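*Asks:* missing the sequence, but the structure's below:
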Ligand SMILES: Nc1ncnc2c1ncn2[C@@H]1O[C@H](COP(=O)(O)OP(=O)(O)OP(=O)(O)O)[C@@H](O)[C@H]1O
């Protein structure tokens, strides 16, 4: 069980070499929530509401300003990323890194902790990569957005995570690939009891989730199923910029 207790993230002061002065903007504000083992959660909300920041706080990519994160009874709030990863929390990036001179086989072997061919094939077939040649592709800028996403998913799944966090996994993926990707994450959730947390605006992921967390201005505005969230999702007041238009129906903006 993964518990967020009064989790807060305020933009830290920049170290200018002089005394630190807090820049002070609170991005995540006093968020408490429990992710049950094996649940499928979608974190959604307007642009800039704090979804990625919340995911990064769970992974330890951002350090908490205050509050606590408990994982299976242990306080992991001050653990670095690698120790959270060793504990079973794994993060798939929105824009995965590309490493010149590294092949997919290298990356996957590191994630898997083994270069056993049979195990590598098992993982690539789980993410829907049929060609063995793909294993020896360099992970560089020549890969398409969809290919790099599949590689990222494979490296997360290879770690056999207890908690898998995917930040906008549909970025760079065509509409025809989203369905199979949702099916893949659902299958991994069910077969391995993986607690799955997906940051997404995509309806397919929102429909797949057991529970939605709707984030608005750094706070949880709603938790529950998609049907219950619909009025809020359709309500323009969830827009981050609503203080400028006060929610007027005919506001001239790009929401
Ligand atoms: N370390 C940081 N320093 C300064 N500002 C930050 C930091 N981390 C996040 N922010 C700001 O916090 C806000 C929320 O960012 P975040 O990436 O969490 O939003 P999001 O809800 O995931 O948005 P999107 O849907 O556009 O991906 C943004 O305005 C972002 O610029």
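*Replies:* Yep, that arrived. Predicted model only: the values in this text are computed from it and were never measured.
*Asks:* by contact count, what packs against the strand or helix carrying residue 55?
*Replies:* Assigned by DSSP states H and E, residue 55 belongs to helix 51-59. Helices and strands touching helix 51-59, by 3 or more Cβ pairs under 8 Å, 6 or more residues apart in numbering; DSSP states H and E, are strand 2-10, strand 26-35, strand 40-44, strand 89-92, strand 163-167, strand 195-199. Where C-beta positions appear, they are placed from N, C-alpha and C, glycine not excepted.
*Asks:* Could you point out which residue ranges in the stretch 151-255 of the chain have low pLDDT?
*Replies:* 175-176, 236-255 (pLDDT under 70).
*Asks:* Spell out, range by range, the strands that occur in it.
*Replies:* Secondary structure of the stretch 151-255 of the chain, counting by DSSP state E, counting those that start in this stretch: strands at 163-167, 195-199, 211-216, 219-224.
*Asks:* Tell me which of those lies nearest to residue 67.
*Replies:* Nearest of these to residue 67, taken as Cβ to Cβ: strand 219-224 at 12.8 Å.
*Asks:* partner strands of that closest one, parallel or antiparallel?
*Replies:* Here strand 219-224 is paired, per DSSP bridges, with strand 211-216 (antiparallel).
*Asks:* From the chain's centroid, how far away is stretch 145-163?
*Replies:* 12 Å (Cα atoms, centre = their mean, to the nearest Å).
*Asks:* Likewise for stretch 179-195?
*Replies:* Averaging C-alpha positions (Cα atoms, centre = their mean) puts stretch 179-195 14 Å from its chain's average.
*Asks:* again with stretch 101-110
*Replies:* 22 Å.
*Asks:* now swap in stretch 133-144 and tell me
*Replies:* 23 Å.
*Asks:* circling back: now tabulate the strands of the stretch 151-255 of the chain in TSV and tack on mean neighbour count.
*Replies:* Output for the strands of the stretch 151-255 of the chain, formatted as TSV (neighbours: other Cβ atoms under 10 Å):
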stretch	mean neighbour count
strand 163-167	25
strand 195-199	25
strand 211-216	22
strand 219-224	16
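*Asks:* could you dump those to JSON lines with distance to residue 134?
*Replies:* Compiled in JSON lines, the strands of the stretch 151-255 of the chain are given as follows (distance: least, Cβ to Cβ, whole Å):
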{"stretch": "strand 163-167", "distance to residue 134": "20"}
{"stretch": "strand 195-199", "distance to residue 134": "24"}
{"stretch": "strand 211-216", "distance to residue 134": "34"}
{"stretch": "strand 219-224", "distance to residue 134": "39"}
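*Asks:* I'd like to know which of those is closest to residue 63.
*Replies:* Between these, strand 163-167 lies closest to residue 63; by Cβ to Cβ that is 16.5 Å.
*Asks:* how about the closest one against the ligand, any contact?
*Replies:* No: against the ligand, strand 163-167 shows no contacts by Cβ under 6 Å from any ligand atom, the least distance being 7.7 Å.
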